[in-house]
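Enquirer: Quick one: sequence and predicted model below, then my questions.
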Amino acid sequence: MNALEIKNISVTYDKQPALEDVTFSVPEGSLTGIIGPNGAGKSTLIKSILRLIPKLSGDVKVYGKPYKEQRKMIGYVPQRSEVDWDFPTNALDVVLMGRYGHIGWLKRPGKKEKQFAMECLEKVGMQDYAKRQISQLSGGQQQRVFLARALAQDAQIYFMDEPFAGVDAATEKAIMNLLQEWKKQGKTVLVVHHDLQTVRDYFDHCLLLNKTPVKFGPTDKVFTYDNLQETYGGALSILTQESTLLQEG
């Protein structure tokens, strides 16, 4: 069964095309990497699906129903650079924000919700930082807090925008452990990702995107040198040892 169906999404910025006629379907329980060069529209695609930016055209269905009817099934981890980390709040409160989709924005989280949020922090190794102001956390710790917030959302489909950017090796491992756990639970995850060396290890599906889809499907079939050449406009080199594909620069 497809968890997500994207049809004919197009987006423009200042009358310039950012995405053109993007169509693909994501199977349930898959880990999908969204791969492409800078300016390819990867983050724009996620934001247009989530209705964070307007679409010129296109349709999104979640488990066969319109997105607006299934919004509670969706979780989102934005880029760290898009978050105001100076906002005066602590790690526990950030995680509790992930529960408002379940309890409603007008209700104050009770003891049960706070306990659940603490369990989410514990899963990412951040329980000892629950009362720490987010501005006082390192980049990797901030990302772990956002992972805990995503856990608190208890969603069925997750979108993650460059979650591995600028994090330490331990945090990267923690992220992957969480993604694998979600996959075992039948959840579906789409991740904007830049490191071509780890695509085969991290994702079972990938979307190669450069404003329009180049290829989508199982990673072992789609993530090929020829397809990457087409996606990146030839700006690739091959590391012959172990046939690892790298992006130049």
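Expert: Sure thing, it's come through. Just so you know, these numbers come straight off a predicted model, no measurement behind them. Residues are numbered from 1 along each chain as shown.
Enquirer: what about Tyr13, neighbour count?
Expert: 11 (other CB atoms under 10 Å). In short, each C-beta sits where N, CA and C put it, glycine included.
Enquirer: quick one: it and Lys123, what's the gap?
Expert: 37 Å (CB to CB, to the nearest Å).
Enquirer: now Leu196
Expert: Counting by CB to CB, the gap from Leu196 to Lys123 is 29 Å.
Enquirer: where does the residue nearest the centre of the chain land on pLDDT?
Expert: Closest to where the C-alpha atoms of the chain average out (CA atoms, centre = their mean) is Met160, at 1.3 Å. pLDDT for Met160: 94.
Enquirer: so it, which of the three states?
Expert: Put simply, Met160 is strand when judged by DSSP: H, G, I helix; E, B strand; the rest coil.
Enquirer: Wait, it touches Val189, no?
Expert: Yes. With contacts counted by CB atoms under 8 Å, Met160 reaches Val189, the gap being 6.7 Å.
Enquirer: Burial check on Met176, number of neighbours?
Expert: Neighbours of Met176 using other CB under 10 Å come to 16.
Enquirer: wait, what's in contact with the residue nearest to Asp86 when sequence neighbours are not counted?
Expert: Nearest residue to Asp86 in three dimensions, chain neighbours excluded: Ser135, at 5.2 Å (CB to CB, 6 or more residues apart in numbering). Going by CB atoms under 8 Å, 6 or more residues apart in numbering, Ser135 touches 85-87.
Enquirer: All the helices of the protein, residue numbers only.
Expert: Using DSSP state H, the helices of the chain run over 42-49, 91-96, 100-103, 111-123, 139-153, 169-184, 199-202, 219-222, 225-232.
Enquirer: Using CSV, please lay out the ones you listed together with mean pLDDT and distance to Gly33.
Expert: CSV is the format used below for the helices of the chain (pLDDT from 0 to 100; distance: least, CB to CB, whole Å):
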stretch, mean pLDDT, distance to Gly33
helix 42-49, 95, 10
helix 91-96, 92, 26
helix 100-103, 62, 26
helix 111-123, 89, 23
helix 139-153, 89, 17
helix 169-184, 90, 10
helix 199-202, 94, 5
helix 219-222, 96, 7
helix 225-232, 90, 12
